[in-house]
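# Sequence first, then the predicted structure:
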Amino acid sequence: MLLTPDRPVAAARPLIDPFARVVSYLRVSVTDRCDFRCVYCMSEHMTFLPKAEVLSLEEIDRVASAFVRRGVRKLRLTGGEPLVRRGIMDLVRSLGRHLATGALDELTLTTNGSQLGRYADELAAAGVRRINVSLDTLDPDKFARITRWGRLAQVQAGIAAAKAAGLRIKINTVALKGVNEDEIETLMAWCADEGHDLTLIETMPLGEVEEDRTDRYLPLSLVRQRLESRWTLDDLPDRTGGPARYVRIRETGLRMGFITPLTHNFCESCNRVRLTATGQLYMCLGQGDSADLRAIVRAHAGDDALDAALDEAISRKPKGHDFVIERRGAAPALARHMSVTGG
Ligand code: SAM
Ligand code: SF4
């Protein structure tokens with residue numbers, strides 16, 4: 001059983017960037033591999049990283065724990081698909097120790113849901129309280145087309161297992177023009193019935209895939225406008241330091257988020273950094289600058305050098321990002337895939 005201390009444990013030396021933003025949220029990509037091949041995320045024949053380049057679970061624990069010591073209060077494991085990494089539950093349980101001490105407020109993950117049937121109970125036992133599950137459609141054939149290798153029934157069983165284990169679930173749906181735009185209200189109704197939150201995400205130009213993403217780009221401002229003709233959207237003050245804005249659908253009680261990295265400027269309140277599967281720390285999702293933490297952990301047994309590297313990296317956190325889907329056929333704004341950086 002986890003102990004919850006009365007007061008949060010304060011970090012000795014918080015990580016504060018040049019724009020006075022406190023870094024309190026770390027996303028960690030634990031693998032670049034995945035059991036799906038979503039059309040907007042990966043090409044069908046992805047080449048994955050050699051194992052030696054990927055941080056070991058112990059190395060991930062070491063880096064994440066260094067961040068926790070320096071004031072990070074929320075950890076999100078992502079990928080690729082975090083639950084296909086061998087031994088992933090050892091990492092989850094190990095990081096869960098920071099919840100028990102009160103150093104960490106939240107340990108969570110973003111998953112495609114395929115392995116939840118197997119892991120939901122263990123996640124709950126390790127202290128995970130909420131998870132994000134990516135699901136773009138409730139139509140089995142469309143699901144197979146979008147994910148290429150996924151099976152909707154397996155994901156739905158996984159979501160049911162997570163709910164039964166007591167996990168709060170947020171469904172993440174990428175809004176795709178001509179693919180699932182007609183299904184958004186169906187997803188809203190399903191989430192409201194099931195008690196899940198729902199967040200819509202705009203497609204982002206990350207990494208080469210076969211599809212031309214400008215064809216699939218659906219501005220959420222348009223989706224919102226359409227919804228407003230049928231539903232009452234009450235803005236919520238909830239802010240997570242990220243690009244999401246939240247509303248409550250008055251008629252159903254659904255809490256709904258809109259993630260609009262392309263049309264909304266959210267950088268002023270950015271509290272997060274991202275660690276790739278290879279131990280590169282990206283201070284901004286939309287910029288190429290990174291710090292090589294793998295080299296540091298592999299060269300030094302003690303954590304002083306790692307601590308110094310965190311200070312140095314955070315001193316380079318940029319003020320904002322620079323995303324544009326400029327024109328049809330344009331190269332992605334950033335060559336790296338979401339599955340490498342961690343979505
Ligand atoms: N495999 C896990 C999953 O699908 O939830 C975690 C990693 S995945 C890269 C994280 C999120 O990024 C998913 O919700 C996915 O839909 C989203 N994503 C991937 N590529 C994207 C893109 N080009 N634009 C917007 N969202 C994207
Ligand atoms: Fe895999 Fe998630 Fe990317 Fe889909 S979005 S291919 S599930 S990493």
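Thanks, I have it. Ligands and ions are numbered 1, 2, ... in the order given.

# Can you get me a residue count around Ala192?
Counted by other C-beta atoms under 10 Å, the residues lying close to Ala192 total 18. The way it works is simple: take the backbone N, C-alpha and C, and place the C-beta from them, glycine included.

# Using PDB, write out the CA atom coordinates for the host helix or strand of it.
Assessed by DSSP states H and E, Ala192 sits inside helix 184-194. What follows is helix 184-194, C-alpha atoms only, in PDB (Å, rounded to 0.1, in the frame of the first residue of the first chain):
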ATOM      1  CA  ILE A 184     -16.400  12.600 -33.000                       C
ATOM      2  CA  GLU A 185     -19.900  12.700 -31.500                       C
ATOM      3  CA  THR A 186     -20.000   8.900 -31.300                       C
ATOM      4  CA  LEU A 187     -16.800   8.900 -29.400                       C
ATOM      5  CA  MET A 188     -18.100  11.700 -27.100                       C
ATOM      6  CA  ALA A 189     -21.200   9.700 -26.300                       C
ATOM      7  CA  TRP A 190     -19.300   6.600 -25.600                       C
ATOM      8  CA  CYS A 191     -16.800   8.400 -23.300                       C
ATOM      9  CA  ALA A 192     -19.600  10.100 -21.500                       C
ATOM     10  CA  ASP A 193     -21.400   6.700 -21.000                       C
ATOM     11  CA  GLU A 194     -18.200   5.000 -19.800                       C
END
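
# Go through it and flag the buried ones.
Ile184, Leu187, Met188, Trp190, Cys191, Ala192 (16 or more other C-beta atoms under 10 Å).

# Just give me the closest of those residues to Trp231.
Nearest to Trp231 out of the buried residues of helix 184-194 is Met188 (C-beta to C-beta; 8.1 Å).

# wait, that closest one sits on His196?
No. Taking contacts as C-beta atoms under 8 Å, Met188 lies outside contact range of His196: 10.2 Å.

# how far away is Asp292 from Gln280?
Distance, Asp292 to Gln280, using C-beta to C-beta, to the nearest Å: 6 Å.

# re the thing from before, using TSV, please lay out the buried residues of helix 184-194 together with distance to Val54.
Formatted as TSV, the buried residues of helix 184-194 follow (distance: C-beta to C-beta, whole Å):
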residue	distance to Val54
Ile184	36
Leu187	34
Met188	37
Trp190	36
Cys191	34
Ala192	39
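
# Which members of these are the farthest-apart pair?
Top of the distance list for those (C-beta to C-beta): Ile184 and Ala192, 12.5 Å.

# CA atoms of stretch 79-95 as PDB?
Once non-C-alpha atoms are left out, stretch 79-95 reads as follows in PDB (Å, rounded to 0.1, in the frame of the first residue of the first chain):
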ATOM      1  CA  GLY A  79       6.900   5.600 -26.700                       C
ATOM      2  CA  GLY A  80       6.400   3.800 -29.100                       C
ATOM      3  CA  GLU A  81       4.200   1.600 -27.100                       C
ATOM      4  CA  PRO A  82       5.400   1.600 -23.500                       C
ATOM      5  CA  LEU A  83       3.700  -1.700 -22.600                       C
ATOM      6  CA  VAL A  84       5.600  -3.700 -25.300                       C
ATOM      7  CA  ARG A  85       8.900  -3.000 -23.600                       C
ATOM      8  CA  ARG A  86      10.200  -6.100 -21.900                       C
ATOM      9  CA  GLY A  87      10.300  -5.700 -18.200                       C
ATOM     10  CA  ILE A  88       8.200  -2.500 -18.300                       C
ATOM     11  CA  MET A  89       6.400  -3.300 -15.100                       C
ATOM     12  CA  ASP A  90       9.700  -3.500 -13.200                       C
ATOM     13  CA  LEU A  91      10.300   0.100 -14.200                       C
ATOM     14  CA  VAL A  92       6.800   1.100 -13.300                       C
ATOM     15  CA  ARG A  93       7.100  -0.500  -9.900                       C
ATOM     16  CA  SER A  94      10.500   1.000  -9.300                       C
ATOM     17  CA  LEU A  95       9.400   4.600 -10.300                       C
END
